[in-house]
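Chemist: What would the 3D arrangement of this be:
(one chain, ligands or ions: 1)
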Amino acid sequence: MPEKLNLLIRPRRNRKSAAVRGLVKETLLSPSDLIYPLFIHEDREDVAIESMPGCHRWSLPGLVEEVGRAYVAGVRAIVFFPKIEESLKTSSGEECFNPDGLVPRAIKAVKAAYPDMAVITDVALDPYNSDGHDGIVEKQSNGELKILNDETVAVLCQQAVSHAEAGADIISPSDMMDGRIGAIRSALDAAGHEEVSILSYAVKYASAFYGPFRGALDSAPKDGDKKTYQMDPANSREALREADLDIAEGADMVMVKPAGPYLDIISLVRDAVDVPVAAYQVSGEYLMIKSAARDGWIDEDKVAMESLLGIKRAGADMILTYFAKDVAGRL
Ligand code: PBG
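Modeler: From the prediction side, this is the model:
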(Lines give C-alpha, C1' and ligand atoms only; values in the text may rest on other atoms or scores of the structure.)
Protein backbone atom coordinates (compact mmCIF):
# COMPACT_ATOMS: atom_id res chain seq x y z
CA MET A 1 0.00 0.00 0.00
CA PRO A 2 1.46 3.39 -0.94
CA GLU A 3 1.50 5.82 1.92
CA LYS A 4 -1.41 8.29 2.13
CA LEU A 5 -0.44 11.86 1.35
CA ASN A 6 -1.12 14.14 4.26
CA LEU A 7 -3.14 16.69 2.32
CA LEU A 8 -5.38 19.21 4.02
CA ILE A 9 -6.60 20.58 0.72
CA ARG A 10 -7.73 18.36 -2.13
CA PRO A 11 -9.26 20.51 -4.92
CA ARG A 12 -10.62 17.37 -6.57
CA ARG A 13 -13.34 17.19 -3.87
CA ASN A 14 -15.09 20.02 -5.71
CA ARG A 15 -15.13 17.95 -8.90
CA LYS A 16 -16.23 14.59 -7.52
CA SER A 17 -19.69 14.34 -9.10
CA ALA A 18 -21.81 16.05 -11.70
CA ALA A 19 -23.98 17.48 -8.91
CA VAL A 20 -21.02 18.98 -7.05
CA ARG A 21 -19.50 20.28 -10.27
CA GLY A 22 -22.85 21.91 -11.00
CA LEU A 23 -22.81 23.69 -7.65
CA VAL A 24 -19.35 25.15 -8.10
CA LYS A 25 -19.67 26.08 -11.78
CA GLU A 26 -18.72 29.74 -12.24
CA THR A 27 -19.75 30.39 -15.83
CA LEU A 28 -23.04 29.47 -17.44
CA LEU A 29 -23.76 29.84 -21.11
CA SER A 30 -27.39 30.53 -21.92
CA PRO A 31 -29.30 30.90 -25.22
CA SER A 32 -30.14 34.43 -24.14
CA ASP A 33 -26.42 35.32 -24.37
CA LEU A 34 -26.20 34.50 -28.05
CA ILE A 35 -26.59 36.66 -31.14
CA TYR A 36 -27.01 34.84 -34.46
CA PRO A 37 -25.45 36.52 -37.54
CA LEU A 38 -27.37 35.86 -40.76
CA PHE A 39 -26.37 36.52 -44.36
CA ILE A 40 -29.05 37.71 -46.73
CA HIS A 41 -29.29 38.39 -50.44
CA GLU A 42 -31.77 39.46 -53.09
CA ASP A 43 -32.13 36.02 -54.77
CA ARG A 44 -35.21 33.82 -54.45
CA GLU A 45 -33.07 30.83 -53.46
CA ASP A 46 -31.13 30.06 -50.31
CA VAL A 47 -27.51 29.38 -51.19
CA ALA A 48 -25.03 27.46 -49.04
CA ILE A 49 -21.86 29.51 -48.49
CA GLU A 50 -18.81 27.57 -49.55
CA SER A 51 -16.34 29.46 -47.38
CA MET A 52 -18.54 28.97 -44.29
CA PRO A 53 -19.97 25.44 -44.12
CA GLY A 54 -23.31 25.38 -42.31
CA CYS A 55 -24.10 29.01 -43.24
CA HIS A 56 -26.34 30.25 -46.02
CA ARG A 57 -27.13 33.39 -47.87
CA TRP A 58 -30.86 33.52 -47.25
CA SER A 59 -33.65 34.79 -49.44
CA LEU A 60 -36.17 36.81 -47.42
CA PRO A 61 -38.62 33.89 -47.06
CA GLY A 62 -35.69 31.58 -46.23
CA LEU A 63 -34.48 34.10 -43.66
CA VAL A 64 -37.82 34.16 -41.87
CA GLU A 65 -37.82 30.35 -41.73
CA GLU A 66 -34.28 30.21 -40.37
CA VAL A 67 -35.13 32.85 -37.77
CA GLY A 68 -38.07 30.63 -36.79
CA ARG A 69 -35.75 27.65 -36.27
CA ALA A 70 -33.38 29.80 -34.20
CA TYR A 71 -36.33 31.13 -32.20
CA VAL A 72 -37.44 27.61 -31.33
CA ALA A 73 -33.86 26.82 -30.24
CA GLY A 74 -34.04 29.78 -27.83
CA VAL A 75 -32.16 32.48 -29.75
CA ARG A 76 -33.66 35.95 -29.23
CA ALA A 77 -31.18 38.19 -31.06
CA ILE A 78 -30.00 38.23 -34.66
CA VAL A 79 -27.85 40.48 -36.83
CA PHE A 80 -28.01 40.82 -40.62
CA PHE A 81 -25.24 41.00 -43.18
CA PRO A 82 -26.40 41.74 -46.71
CA LYS A 83 -24.77 40.76 -49.99
CA ILE A 84 -25.49 43.67 -52.28
CA GLU A 85 -25.60 43.35 -56.04
CA GLU A 86 -22.52 44.78 -57.78
CA SER A 87 -24.73 47.11 -59.87
CA LEU A 88 -25.95 48.87 -56.71
CA LYS A 89 -22.47 49.57 -55.32
CA THR A 90 -21.14 53.13 -55.53
CA SER A 91 -18.19 54.98 -54.04
CA SER A 92 -20.40 56.62 -51.37
CA GLY A 93 -22.54 53.52 -50.87
CA GLU A 94 -25.90 55.37 -51.10
CA GLU A 95 -27.78 52.07 -51.32
CA CYS A 96 -27.06 51.64 -47.60
CA PHE A 97 -29.82 54.11 -46.69
CA ASN A 98 -32.37 53.10 -49.33
CA PRO A 99 -35.58 52.68 -47.29
CA ASP A 100 -36.64 49.89 -49.66
CA GLY A 101 -33.22 48.23 -49.61
CA LEU A 102 -32.56 44.63 -48.64
CA VAL A 103 -31.85 45.25 -44.95
CA PRO A 104 -34.97 47.36 -44.22
CA ARG A 105 -37.13 44.71 -45.94
CA ALA A 106 -35.44 41.95 -43.93
CA ILE A 107 -36.03 43.85 -40.67
CA LYS A 108 -39.73 44.26 -41.47
CA ALA A 109 -40.16 40.63 -42.54
CA VAL A 110 -38.58 39.28 -39.34
CA LYS A 111 -40.34 41.76 -37.05
CA ALA A 112 -43.71 40.89 -38.60
CA ALA A 113 -43.17 37.18 -37.91
CA TYR A 114 -41.23 37.39 -34.61
CA PRO A 115 -41.93 40.74 -32.94
CA ASP A 116 -39.98 39.82 -29.79
CA MET A 117 -36.80 38.84 -31.64
CA ALA A 118 -34.17 41.57 -31.10
CA VAL A 119 -33.05 42.69 -34.54
CA ILE A 120 -29.57 44.14 -34.75
CA THR A 121 -28.16 45.72 -37.90
CA ASP A 122 -24.60 46.31 -38.99
CA VAL A 123 -23.75 49.88 -39.91
CA ALA A 124 -20.76 50.23 -42.27
CA LEU A 125 -20.31 50.82 -45.97
CA ASP A 126 -18.37 47.72 -47.04
CA PRO A 127 -21.27 45.74 -48.55
CA TYR A 128 -22.38 48.84 -50.52
CA ASN A 129 -19.07 50.47 -51.36
CA SER A 130 -17.61 49.85 -54.82
CA ASP A 131 -14.12 49.84 -53.25
CA GLY A 132 -15.03 47.25 -50.61
CA HIS A 133 -14.04 49.51 -47.71
CA ASP A 134 -16.07 50.42 -44.63
CA GLY A 135 -15.87 54.09 -45.58
CA ILE A 136 -15.64 56.35 -48.61
CA VAL A 137 -12.30 55.99 -50.39
CA GLU A 138 -10.26 58.83 -51.85
CA LYS A 139 -7.26 57.95 -53.94
CA GLN A 140 -4.24 60.12 -53.08
CA SER A 141 -1.81 61.48 -55.68
CA ASN A 142 0.81 58.97 -54.47
CA GLY A 143 -1.63 56.14 -55.23
CA GLU A 144 -2.44 55.42 -51.59
CA LEU A 145 -6.01 55.15 -50.42
CA LYS A 146 -7.48 57.45 -47.82
CA ILE A 147 -10.69 56.40 -46.07
CA LEU A 148 -12.56 59.65 -45.46
CA ASN A 149 -13.76 59.85 -41.87
CA ASP A 150 -16.23 62.70 -41.51
CA GLU A 151 -17.77 62.23 -44.97
CA THR A 152 -18.34 58.55 -44.14
CA VAL A 153 -19.93 59.32 -40.78
CA ALA A 154 -22.56 61.48 -42.50
CA VAL A 155 -23.60 58.49 -44.65
CA LEU A 156 -23.54 56.08 -41.69
CA CYS A 157 -25.99 58.36 -39.87
CA GLN A 158 -28.45 58.04 -42.75
CA GLN A 159 -27.93 54.27 -42.82
CA ALA A 160 -28.60 54.00 -39.07
CA VAL A 161 -31.78 56.10 -39.31
CA SER A 162 -33.09 53.98 -42.22
CA HIS A 163 -32.60 50.82 -40.14
CA ALA A 164 -34.35 52.40 -37.17
CA GLU A 165 -37.28 53.51 -39.35
CA ALA A 166 -37.65 49.91 -40.56
CA GLY A 167 -37.88 48.68 -36.96
CA ALA A 168 -34.35 47.67 -35.88
CA ASP A 169 -33.93 47.38 -32.11
CA ILE A 170 -30.18 47.84 -31.99
CA ILE A 171 -27.83 49.60 -34.43
CA SER A 172 -24.34 48.21 -34.56
CA PRO A 173 -21.68 50.39 -36.21
CA SER A 174 -18.76 48.21 -37.34
CA ASP A 175 -16.91 50.77 -39.45
CA MET A 176 -14.38 52.14 -36.92
CA MET A 177 -14.66 55.77 -38.07
CA ASP A 178 -13.93 58.31 -35.32
CA GLY A 179 -16.91 60.09 -33.81
CA ARG A 180 -19.57 57.95 -35.43
CA ILE A 181 -21.27 56.86 -32.22
CA GLY A 182 -22.01 60.42 -31.11
CA ALA A 183 -23.12 61.42 -34.60
CA ILE A 184 -25.38 58.36 -34.99
CA ARG A 185 -26.88 58.89 -31.52
CA SER A 186 -27.78 62.48 -32.42
CA ALA A 187 -29.17 61.45 -35.82
CA LEU A 188 -31.32 58.71 -34.26
CA ASP A 189 -32.61 61.05 -31.56
CA ALA A 190 -33.36 63.82 -34.05
CA ALA A 191 -35.44 61.34 -36.05
CA GLY A 192 -37.40 60.32 -32.94
CA HIS A 193 -35.58 57.03 -32.33
CA GLU A 194 -34.27 57.62 -28.84
CA GLU A 195 -35.33 54.09 -27.85
CA VAL A 196 -33.09 52.45 -30.48
CA SER A 197 -29.87 51.18 -28.86
CA ILE A 198 -26.29 51.35 -30.11
CA LEU A 199 -24.00 48.34 -29.82
CA SER A 200 -20.65 49.72 -30.90
CA TYR A 201 -17.94 47.62 -32.47
CA ALA A 202 -15.67 49.77 -30.32
CA VAL A 203 -12.69 47.43 -30.28
CA LYS A 204 -12.35 45.94 -33.74
CA TYR A 205 -9.01 44.66 -34.90
CA ALA A 206 -7.65 44.54 -38.46
CA SER A 207 -7.85 40.75 -38.40
CA ALA A 208 -7.12 38.04 -40.93
CA PHE A 209 -9.86 36.01 -39.20
CA TYR A 210 -12.49 37.93 -41.21
CA GLY A 211 -11.43 36.23 -44.47
CA PRO A 212 -14.31 33.74 -44.86
CA PHE A 213 -16.88 36.48 -44.11
CA ARG A 214 -15.57 38.69 -46.88
CA GLY A 215 -15.78 35.69 -49.20
CA ALA A 216 -19.39 35.13 -48.16
CA LEU A 217 -20.39 38.67 -49.08
CA ASP A 218 -17.91 39.47 -51.85
CA SER A 219 -16.99 42.45 -49.70
CA ALA A 220 -13.19 42.23 -49.54
CA PRO A 221 -11.39 45.53 -50.20
CA LYS A 222 -10.55 45.82 -53.90
CA ASP A 223 -7.36 47.60 -52.98
CA GLY A 224 -5.33 48.12 -49.81
CA ASP A 225 -6.29 46.87 -46.35
CA LYS A 226 -8.27 48.16 -43.35
CA LYS A 227 -5.30 49.03 -41.13
CA THR A 228 -5.91 52.79 -41.14
CA TYR A 229 -9.23 52.35 -39.35
CA GLN A 230 -9.31 48.90 -37.69
CA MET A 231 -6.96 48.36 -34.75
CA ASP A 232 -3.49 46.83 -34.70
CA PRO A 233 -3.64 43.29 -33.21
CA ALA A 234 -0.51 44.17 -31.23
CA ASN A 235 -2.30 46.79 -29.12
CA SER A 236 -4.37 46.64 -25.96
CA ARG A 237 -4.23 50.12 -24.36
CA GLU A 238 -5.90 51.45 -27.49
CA ALA A 239 -8.84 49.12 -26.80
CA LEU A 240 -9.68 50.99 -23.60
CA ARG A 241 -9.38 54.33 -25.35
CA GLU A 242 -11.79 53.24 -28.09
CA ALA A 243 -14.28 51.77 -25.60
CA ASP A 244 -14.18 54.86 -23.34
CA LEU A 245 -14.75 57.20 -26.28
CA ASP A 246 -17.70 55.24 -27.63
CA ILE A 247 -19.33 55.04 -24.20
CA ALA A 248 -18.84 58.79 -23.72
CA GLU A 249 -20.49 59.31 -27.10
CA GLY A 250 -23.52 57.27 -26.06
CA ALA A 251 -22.86 53.59 -26.85
CA ASP A 252 -25.19 51.36 -24.82
CA MET A 253 -22.94 48.31 -25.26
CA VAL A 254 -19.46 47.79 -26.67
CA MET A 255 -17.99 44.92 -28.65
CA VAL A 256 -14.60 43.27 -28.91
CA LYS A 257 -13.86 41.52 -32.21
CA PRO A 258 -12.53 38.88 -32.93
CA ALA A 259 -13.13 36.96 -29.68
CA GLY A 260 -11.07 33.78 -29.22
CA PRO A 261 -7.62 35.20 -30.02
CA TYR A 262 -8.46 38.35 -27.98
CA LEU A 263 -9.65 36.95 -24.63
CA ASP A 264 -7.22 39.23 -22.79
CA ILE A 265 -8.84 42.23 -24.45
CA ILE A 266 -12.36 41.06 -23.51
CA SER A 267 -11.23 40.71 -19.92
CA LEU A 268 -9.49 44.09 -19.91
CA VAL A 269 -12.52 45.88 -21.37
CA ARG A 270 -14.93 44.04 -19.02
CA ASP A 271 -12.97 45.27 -16.00
CA ALA A 272 -12.71 48.83 -17.27
CA VAL A 273 -16.23 49.70 -18.38
CA ASP A 274 -19.68 49.53 -16.80
CA VAL A 275 -21.75 48.86 -19.92
CA PRO A 276 -22.43 45.34 -21.27
CA VAL A 277 -19.61 43.86 -23.34
CA ALA A 278 -20.19 41.78 -26.47
CA ALA A 279 -17.64 39.61 -28.26
CA TYR A 280 -17.76 38.40 -31.85
CA GLN A 281 -16.57 34.89 -32.61
CA VAL A 282 -15.81 35.70 -36.24
CA SER A 283 -15.91 33.69 -39.44
CA GLY A 284 -12.29 32.48 -39.28
CA GLU A 285 -12.74 31.21 -35.72
CA TYR A 286 -15.91 29.41 -36.81
CA LEU A 287 -14.29 27.94 -39.90
CA MET A 288 -11.28 26.59 -38.00
CA ILE A 289 -13.60 24.61 -35.73
CA LYS A 290 -15.87 23.52 -38.58
CA SER A 291 -13.10 22.34 -40.85
CA ALA A 292 -11.11 20.52 -38.16
CA ALA A 293 -14.33 18.76 -37.12
CA ARG A 294 -15.22 17.90 -40.70
CA ASP A 295 -11.85 16.22 -41.07
CA GLY A 296 -12.56 14.26 -37.91
CA TRP A 297 -9.82 15.86 -35.81
CA ILE A 298 -12.02 17.40 -33.14
CA ASP A 299 -15.57 17.08 -31.81
CA GLU A 300 -17.44 20.06 -33.25
CA ASP A 301 -20.19 20.27 -30.63
CA LYS A 302 -17.81 20.09 -27.68
CA VAL A 303 -15.21 22.44 -29.11
CA ALA A 304 -17.84 24.99 -30.18
CA MET A 305 -19.35 24.94 -26.69
CA GLU A 306 -15.95 25.22 -24.98
CA SER A 307 -14.87 28.08 -27.25
CA LEU A 308 -18.02 30.03 -26.32
CA LEU A 309 -17.68 29.22 -22.63
CA GLY A 310 -14.11 30.59 -22.77
CA ILE A 311 -15.34 33.83 -24.33
CA LYS A 312 -18.05 34.17 -21.69
CA ARG A 313 -15.60 33.38 -18.87
CA ALA A 314 -13.23 36.06 -20.17
CA GLY A 315 -16.01 38.58 -19.52
CA ALA A 316 -18.34 38.76 -22.52
CA ASP A 317 -21.98 39.32 -21.55
CA MET A 318 -23.15 38.36 -25.03
CA ILE A 319 -21.56 36.57 -27.97
CA LEU A 320 -22.11 36.85 -31.69
CA THR A 321 -21.53 33.39 -33.13
CA TYR A 322 -22.42 31.41 -36.23
CA PHE A 323 -22.97 28.47 -33.85
CA ALA A 324 -25.80 30.34 -32.06
CA LYS A 325 -28.72 28.25 -33.33
CA ASP A 326 -26.97 24.90 -32.84
CA VAL A 327 -25.55 25.71 -29.42
CA ALA A 328 -28.78 27.29 -28.15
CA GLY A 329 -30.62 24.15 -29.17
CA ARG A 330 -28.25 22.02 -27.10
CA LEU A 331 -28.27 24.19 -23.97
C1 PBG B 1 -17.74 44.77 -41.92
C2 PBG B 1 -17.76 43.58 -41.03
C3 PBG B 1 -16.82 42.54 -41.09
C4 PBG B 1 -17.25 41.56 -40.20
C5 PBG B 1 -18.43 42.02 -39.60
N6 PBG B 1 -18.72 43.30 -40.12
C7 PBG B 1 -15.64 42.36 -41.96
C8 PBG B 1 -14.59 43.38 -41.99
O9 PBG B 1 -14.49 44.26 -41.15
O10 PBG B 1 -13.81 43.30 -42.93
C11 PBG B 1 -16.55 40.27 -39.99
C12 PBG B 1 -17.30 39.18 -39.36
C13 PBG B 1 -16.71 37.83 -39.49
O14 PBG B 1 -15.58 37.64 -39.98
O15 PBG B 1 -17.39 36.88 -39.07
N16 PBG B 1 -17.95 46.00 -41.44
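Chemist: Quick check, pLDDT for the residue of the stretch 101-250 of the chain found nearest the ligand.
Modeler: In the stretch 101-250 of the chain, no residue comes nearer to the ligand than Phe213, which is 3.2 Å away by Cβ to the nearest ligand atom. Glycine gets a C-beta too; all of them are placed from N, C-alpha and C. Looking at Phe213, its pLDDT stands at 92.
Chemist: go on, Lys226?
Modeler: 93.
Chemist: How about it, nearest residue that isn't a chain neighbour?
Modeler: Nearest residue to Lys226, sequence neighbours excluded (Cβ to Cβ, 6 or more residues apart in numbering): Ala206, at 5.1 Å.
Chemist: now the strands for the chain?
Modeler: Secondary structure of the chain (DSSP state E): strands at 34-40, 47-48, 56-58, 77-82, 118-123, 136-139, 145-148, 170-173, 197-204, 253-257, 277-281, 318-321.
Chemist: how much does the fourth one deviate in direction from strand 34-40?
Modeler: To tie it back to what came earlier, the one meant is strand 77-82. 20 degrees (axes from the mean of the first three to the mean of the last three Cα atoms, to 10 degrees).
Chemist: Which residues outside stretch 47-62 are in contact with it?
Modeler: 38-41, 43-46, 66, 83, 105-106, 109, 211-213, 215-216, 283, 286-287, 290-291, 294, 322, 326 (Cβ atoms under 8 Å, 6 or more residues apart in numbering).
Chemist: let's go with 7 Å and repeat that
Modeler: Contact partners of stretch 47-62, identified using Cβ atoms under 7 Å, 6 or more residues apart in numbering, comprise 38-41, 43-46, 66, 83, 105-106, 109, 212, 215-216, 283, 286-287, 290, 294, 322.
Chemist: Please apply the same query to stretch 86-106.
Modeler: Here stretch 86-106 has contacts from 40, 42, 60, 63, 80, 82, 84, 121, 125, 128-131, 136-137, 155, 158-159, 162-163, 165-166, using Cβ under 7 Å, 6+ apart.
Chemist: Would you check that Asn14 makes contact with Lys25?
Modeler: No - counting by Cβ atoms under 7 Å, Asn14 does not reach Lys25; the two are 10.1 Å apart.
Chemist: near the ligand, which residues of the chain?
Modeler: 122, 124, 126, 134, 174, 210, 213-214, 226, 282-283 (Cβ under 6 Å from any ligand atom).
Chemist: These, buried ones only, as a ChimeraX selection?
Modeler: ChimeraX command restricting the residues of the chain next to the ligand to the buried ones, with burial defined by 16 or more other Cβ atoms under 10 Å:
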select :122,124,126,134,174,210,213,226,282,283
